[in-house]
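>>> Using only what follows, build the 3D model:
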Amino acid sequence: MRLRPVRPAGWWFDGLLLAAVVAITVALASGHLFGLDRAVADWSDEHRPTAARWVAMTLNLLGQGTPLTLLAAGLGVLLAWRLRSVRPILPPVVAFVLTFFTIGPLKVWTARPAPSASVKEPFLSPEQTLPLFQHDLPVRFAQSYPSGHVANAIVWYGVLALLAPLVRTVGRTVPPRLVTAIRVVPPAVVFCTTVYLGWHWLTDSVAGLLLGLLLDRLLRRVPWDGLPLPRRLGGWRRPVGWESPPATAATR
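So this is what the prediction gives:
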């Protein structure tokens, strides 16, 4: 069973992403980067007219984890039924497990309030909203770091991009540029709008970006067609063509 290739190749880039997340966390725990976070949050507050705020809120819906999970799971189930194989269901299931056991626990452990915690419950002073490890606050008020919106957007749009090539097996094609756009555009929009709206500090979103890229690379490496499955699944274990080249006009 061979791992699928990713770009950049090798594990060095994964190590770099993880090291960057650790470095940002250590810097924040030591009281650094607060000035940068505050400057970006203050600029956003001063340049957020009502119309821009509503546009940003609408675009930020692209990063809602639950709808994205349901969309990916629904597409996986549909493809599984059409292809008579359980394998298209595997990426959404594994992605859910990965995000559940990484993003959520990290947010609870780091216990950082959002910038908006100074203007709504729990109404902290601006200085109190910046530090990590505020475990004296109720959990619902201290789950800002890392940004789940950004990390989830990268992971779940990555899953949709993983499933996109399988659409050709049911008589449809997805252009490679569209697959790339699915991976890149929504997470970029979510990153910008989350910071602009003051729902996360800049460093929250950067950490979410790094963590999301790391999880996405892990998912892209998995040889989904080669994973061993229980024999009792019978024909539903069949490969579905992840490794096949995209269909062309000559082969359709």
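>>> how about the residue nearest to Arg53 when sequence neighbours are not counted, phi and psi?
Among residues not flanking Arg53 along the chain, Leu197 sits closest, at 6.9 Å (Cβ to Cβ, 6 or more residues apart in numbering). Where C-beta positions appear, they are placed from N, C-alpha and C, glycine not excepted. The phi/psi pair for Leu197 (degrees, to the nearest 10) reads phi -80, psi -10.
>>> hang on, Leu197 packs against Leu59?
No - using Cβ atoms under 8 Å, Leu197 makes no contact with Leu59, being 9.8 Å away.
>>> More neighbours: those two, which one.
A direct count of neighbours by other Cβ atoms under 10 Å for Leu197 and Leu59 places Leu197 higher, at 21 against 17.
>>> Tell me the pLDDT of that one.
According to the prediction, Leu197 has pLDDT 95.
>>> dump the residue contacts of it.
The contact partners of Leu197, taken as Cβ atoms under 8 Å, 6 or more residues apart in numbering, are 44, 48, 53, 56-57, 60.
>>> can you do 10 Å?
Leu197 sits next to 44-45, 48, 52-53, 56-57, 59-60, 114-116, 149 when contact means Cβ atoms under 10 Å, 6 or more residues apart in numbering.
>>> Return the subset of the residues you listed lying in helices.
Judged by DSSP state H, the subset of these located in helices is 44-45, 52-53, 56-57, 59-60, 149.
>>> Turn those residues into JSON lines, including pLDDT and distance to Trp156.
What follows is the ones in helices among the contacts of Leu197, written out as JSON lines (pLDDT from 0 to 100; distance: Cβ to Cβ, whole Å):
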{"residue": "Ser44", "pLDDT": "95", "distance to Trp156": "25"}
{"residue": "Asp45", "pLDDT": "93", "distance to Trp156": "29"}
{"residue": "Ala52", "pLDDT": "96", "distance to Trp156": "26"}
{"residue": "Arg53", "pLDDT": "96", "distance to Trp156": "25"}
{"residue": "Ala56", "pLDDT": "97", "distance to Trp156": "20"}
{"residue": "Met57", "pLDDT": "96", "distance to Trp156": "19"}
{"residue": "Leu59", "pLDDT": "96", "distance to Trp156": "16"}
{"residue": "Asn60", "pLDDT": "95", "distance to Trp156": "14"}
{"residue": "His149", "pLDDT": "93", "distance to Trp156": "11"}
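>>> of all these, which comes closest to Thr25?
Looking at the ones in helices among the contacts of Leu197 and their distance to Thr25, the nearest is His149, at 18.1 Å (Cβ to Cβ).
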